[in-house]
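A.B. asks: no sequence on hand, only this structure:
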């Protein structure tokens, strides 16, 4: 008796034994519109990327993919929604660095990003860019450090909130440069940028899509980017790493995750579909214009990346005694 015949007999003996795998295969794409949850308000880098990707995903799978913005608590609200949401493949989360790898070290969360959420694929990443008001008199990163050392506590830097990527980039820089800067948390990139333009603080580790328009008009001076290499859209701006701090890297990133209760075959299928979209020439061009670099990965690669990021930022949180207050 061959193996196939044995499986057929087993299926007859135990009704439904082989149904899950067949059911999962038949349920993709989901029969209802897919929700792509984003933890930030419309108009920002995460929202722009999510909408570009969602449009192409919907076209490819023949099902509507709706972007649902659930802003608040630094993105943690959206992550909790996804962690406790549908596990049938109809909900994806455009997860972010803060809730996935920083916030768990700073506060007690109602979800565990490594237990309640499953990695699907990398999404996009980008460096922050340290910018100052062009009227500040600071022209280079060396000037910025010199000002911070001359009067400890006189240099201030904004962020999109405690525990955000822009906050941790500043804390990492403070540690590496041996300076003490005063952190000024905001509730988002737009109000932080508005106050920087108004000269209310010294610097801001901003997302490129937020900073580029003001750099181009001359209102802001870019001092350095936080990746290991210069981004193509800012070729004349040095990196922190090449400006006296070798190996410095503080990337901002978004990745696709879903409820950990979602069956593996559905997660694997979503991985293939997302990777296909992120490798699409038109999508890549559109994301790059927004200052975002597509970062498709396998599911294990994303898990490994998240674990390494969690270890790095957890150490910074402890060393700098960062709290959620």
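C.D. replies: Nice, thanks for sending it over. In this text, all values refer to a predicted model and were calculated from it rather than measured experimentally.

A.B. asks: which stretches of the stretch 101-250 of the chain form helices?
C.D. replies: Applying DSSP state H, counting those that start in this stretch to the stretch 101-250 of the chain gives helices spanning 141-150, 165-177, 189-197, 208-216.

A.B. asks: residue 29 is nearest to which of these?
C.D. replies: With CB to CB as the criterion, residue 29 lies closest to helix 208-216 of these, at 29.7 Å. For every residue, glycine as well, the C-beta is placed using N, CA and C.

A.B. asks: so what touches the closest one?
C.D. replies: Residues from elsewhere that reach helix 208-216 (CB atoms under 8 Å, 6 or more residues apart in numbering): 44-45, 48, 126-129, 131, 189-190, 193, 197, 204, 220-222, 231, 233-234, 290-292.

A.B. asks: make a PyMOL selection of the buried ones in those residues.
C.D. replies: With 16 or more other CB atoms under 10 Å as the criterion, this PyMOL line picks the buried residues out of the contacts of helix 208-216:
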select buried, resi 44+45+48+126+127+128+129+131+189+193+197+204+220+221+222+231+233+234+290+291+292
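
A.B. asks: which ones among the contacts of helix 208-216 lie within strands?
C.D. replies: Cross-referencing these against strands under DSSP state E gives 126, 127, 129, 131, 204, 220, 221, 222.

A.B. asks: surely residue 80 meets residue 111?
C.D. replies: Yes: using CB atoms under 8 Å, residue 80 and residue 111 qualify as a contacting pair, with a distance of 5.1 Å.

A.B. asks: quick one: residue 38 and residue 287, what's the gap?
C.D. replies: 15 Å (CB to CB, to the nearest Å).

A.B. asks: more neighbours, these two?
C.D. replies: A direct count of neighbours by other CB atoms under 10 Å for residue 38 and residue 287 places residue 38 higher, at 26 against 23.

A.B. asks: phi and psi next, for that one.
C.D. replies: Main-chain torsions, residue 38, degrees, to the nearest 10: phi -120, psi 130.

A.B. asks: fine by me, we can end here.
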